[in-house]
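Chemist: turn this into a model:
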Amino acid sequence: MDYDKDKVDEMVLALLYLTSFQDEYGTRAWKSLDWDALDRLHEKGYISNPKSKAKSIALTEEGEKLSETLFTKHFGPKEKKDNQQRT
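Modeler: A predicted model of the protein is given here:
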């Protein structure tokens with residue numbers, strides 16, 4: 001199947017915000033998403049290496065901020081998205 005991998009990566013990063021949590025090591029998220037997309041996000045520097053025995057990945061500072069921004073952009077309340085488009 002041919003698809004826009006950058007768009008998929010953007011959605012996966014946004015969804016990582018949905019499953020993210022704070023622990024003593026920083027922001028983490030469960031890694032139950034597409035493995036190829038997680039590998040690409042790791043290559044882009046947004047998350048830790050998903051190829052480990054851990055059931056979660058760590059988000060970098062940049063990945064944490066971008067995942068929240070993308071989540072709000074794509075999945076936030078309709079009013080908020082409408083207001084962002086007008087600015």
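Chemist: mind checking which helix or strand the spatially most central residue of the chain is in?
Modeler: The centroid of the chain falls nearest to L13 when counting by Cα atoms, centre = their mean (1.7 Å). Assigned by DSSP states H and E, L13 falls within helix 5-18.
Chemist: and the residue nearest to the centre of the chain, what does it touch?
Modeler: Listed by Cβ atoms under 8 Å, 6 or more residues apart in numbering, the contact partners of L13 are 41, 46, 63, 66-67, 70. C-beta coordinates here come from the backbone N, C-alpha and C atoms, glycine included.
Chemist: those in helices, which ones?
Modeler: 41, 63, 66-67, 70 (DSSP state H).
Chemist: just put those residues in CSV and tack on pLDDT.
Modeler: Compiled in CSV, the ones in helices among the contacts of L13 are given as follows (pLDDT from 0 to 100):
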residue, pLDDT
L41, 94
G63, 95
L66, 94
S67, 90
L70, 89
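Chemist: give the buried residues for the helix or strand A58 falls within.
Modeler: Using DSSP H and E, A58 sits within strand 56-58. In terms of neighbour count (16 or more other Cβ atoms under 10 Å), strand 56-58 has its buried residues at 56-58.
Chemist: again, but for stretch 56-66
Modeler: Quick answer for stretch 56-66 (16+ other Cβ under 10 Å): 56-60, 63-64, 66.
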